[in-house]
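Structure for the following, please:
(one chain, ligands or ions: 1)
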Amino acid sequence: MSFRIQSTVFPVAGLGTRFLPATKVSPKEMLPIVNKPLIQYAVEEALSAGAERLIFITSPSKRAIEQHFQANVELESALSDSGNKKMLALVQNIVPSNVECVFVQQGAPLGLGHAVLCARAAVGEAPFFVHLADDLIRSDTPCLEQMRQYYERYHSSVLAIEAVPNDRTANYGIVSVKKEPSGARRVDKIVEKPKPEEAPSNLAVVGRYLLTPAIFEQLEEGSPGAGGEIQLTDGIAGILEHESVHALLFEGTRYDCGSRLGYLKATVEYGLHNEEVGERFRKYLKGLTNKM
Ligand code: UTP
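Have a look, this model is predicted:
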């Protein structure tokens, strides 16, 4: 790994209204897929891309994420007393000791752009990842690592994108791209949640970004956009006027765990691949489909 992206920002301060009442006191990023919360999958992806500073933008009213990444002395001593070494290792090794965890509170949920802006002091003047944990991606090479390799080649911000059905553009930030001679896709326009008839393409930005610090200036200057929130998309549109931004059609399957259907699909797929219960779960599902 010749160029390391030090910091990853995890905005986890959203309201999570689509998952109420589960998200009344706990952030949606704590929802488990099999036995691991979404945020832990996210952290593992960032670590495998070489990140050493994890910056969580949290809500003052939901403290579970902070607690998940801190030691739980009582639980550890209970597991140690009962000789449960496997589970003890599991709770002690959530984050390696050389990795720094920073928690920044977003006073009010003013939008994803605002959440990213809250990370400014912790990130400093270097490119950084933004990871939305409710977009879970299963891939051979972790998505953030694919993006880091792309940055190494093009030295610009990188947005992970995928094609979505034309009638779904209003759920995403949508980009139009120009192909460069190298085959790379350079973003020439980005629009937040356009109606299908106004969308410049069907290429949607998903929850992985590699951004240069230029984004902070843009977010600082920007005024609230769609939905009265400070939109990350608007900040990226601002960067486009000064710097090139690339789009990467990543390899992998994305599960939108912020929606109920996407969450159920991820649970089934990750359940099927689970070492301990995968085979039995497969048999169960086969039996179930025969009855349908
Ligand atoms: P979403 O658009 O999915 O919003 O946020 P949400 O509030 O979490 O969920 P719904 O739509 O009400 O069900 C995308 C990501 O940005 C974070 C969320 O936690 C999520 O990871 N976010 C959003 C913040 O951290 N702060 C905000 O002000 C808004």
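
can you give me the helices for the stretch 151-292 of the chain?
For the stretch 151-292 of the chain, the helices defined by DSSP state H, counting those that start in this stretch occupy 214-221, 232-239, 260-272, 278-291.

Of the ones you listed, give the one that comes closest to the ligand.
The ligand lies closest, by C-beta to the nearest ligand atom, to one member of the helices of the stretch 151-292 of the chain: helix 232-239, at 8.5 Å. The C-beta positions use only the backbone N, C-alpha and C, and glycine is treated the same way.

Report all helices and strands that the closest one contacts.
Here helix 232-239 touches helix 112-117, strand 157-163, strand 173-179, strand 185-192, strand 203-211, helix 214-221, going by 3 or more C-beta pairs under 8 Å, 6 or more residues apart in numbering; DSSP states H and E.

now do 7 Å
helix 112-117, strand 185-192, helix 214-221 (3 or more C-beta pairs under 7 Å, 6 or more residues apart in numbering; DSSP states H and E).

most packed of those?
Highest mean neighbour count of these: helix 112-117, a mean of 24 (counted as mean count of other C-beta atoms under 10 Å).

Counting by contacts, list what that helix packs against.
Using 3+ C-beta pairs under 7 Å, 6+ apart: helix 112-117 touches strand 7-11, helix 214-221, helix 232-239.

ok so, going back, so of the helices of the stretch 151-292 of the chain, which one's packed in deepest?
Of all the helices of the stretch 151-292 of the chain, helix 232-239 carries the top mean neighbour count, a mean of 23, counting by mean count of other C-beta under 10 Å.

will you turn the helices and strands packed on helix 112-117 into CSV that also has mean pLDDT and distance to T23?
CSV is the format used below for these (pLDDT from 0 to 100; distance: least, C-beta to C-beta, whole Å):
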stretch, mean pLDDT, distance to T23
strand 7-11, 98, 15
helix 214-221, 94, 25
helix 232-239, 96, 21
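
which stretch among the ones you listed comes nearest E44?
Of all the helices and strands packed on helix 112-117, it is strand 7-11 that lies closest to E44, at 11.1 Å by C-beta to C-beta.

What pairs with the closest one, parallel or antiparallel?
Sheet pairing of strand 7-11 (DSSP bridges) gives strand 53-58 (parallel), strand 128-131 (parallel).

Show me how far the longest one is from its chain's centre.
Relative to its parent chain, strand 53-58 has a centroid offset of 12 Å by C-alpha atoms, centre = their mean, to the nearest Å.

is it up against the ligand anywhere?
Yes - contact of strand 53-58 with the ligand (C-beta under 6 Å from any ligand atom) involves I57.

Also stretch 187-207?
No - if you take C-beta under 6 Å from any ligand atom as the test, stretch 187-207 misses the ligand, and the best it gets is 7.0 Å.

which one is whichever residue of the chain sits closest to the ligand nearest to, not counting chain neighbours?
Of all residues in the chain, G14 sits closest to the ligand, at 2.2 Å by C-beta to the nearest ligand atom. Among residues not flanking G14 along the chain, P109 sits closest, at 5.9 Å (C-beta to C-beta, 6 or more residues apart in numbering).

on that earlier part again, as CSV, the helices of the stretch 151-292 of the chain with distance to T141 would be great.
As requested, the helices of the stretch 151-292 of the chain are exported to CSV (distance: least, C-beta to C-beta, whole Å):
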stretch, distance to T141
helix 214-221, 25
helix 232-239, 24
helix 260-272, 18
helix 278-291, 22
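
Just tell me which of those helices ends up closest to V73.
Short answer: helix 260-272, nearest of the helices of the stretch 151-292 of the chain by C-beta to C-beta, at 30.0 Å.

Helices of the stretch 1-150 of the chain, residue ranges please.
38-48, 64-68, 73-81, 85-92, 112-117, 120-123, 143-154.

Compare those helices and give me the one nearest P196.
helix 112-117 (22.3 Å).

contact partners of the closest one?
The contact list for helix 112-117 (C-beta atoms under 7 Å, 6 or more residues apart in numbering) reads 9, 11, 13, 57, 106, 130, 215-216, 219-220, 222, 230-232, 234-235.

low-scoring pLDDT stretches of the stretch 101-250 of the chain, where are they?
Residue ranges of the stretch 101-250 of the chain with pLDDT under 70: none are present.

80 instead?
Scanning the stretch 101-250 of the chain with the threshold set as pLDDT under 80 gives 222-227.
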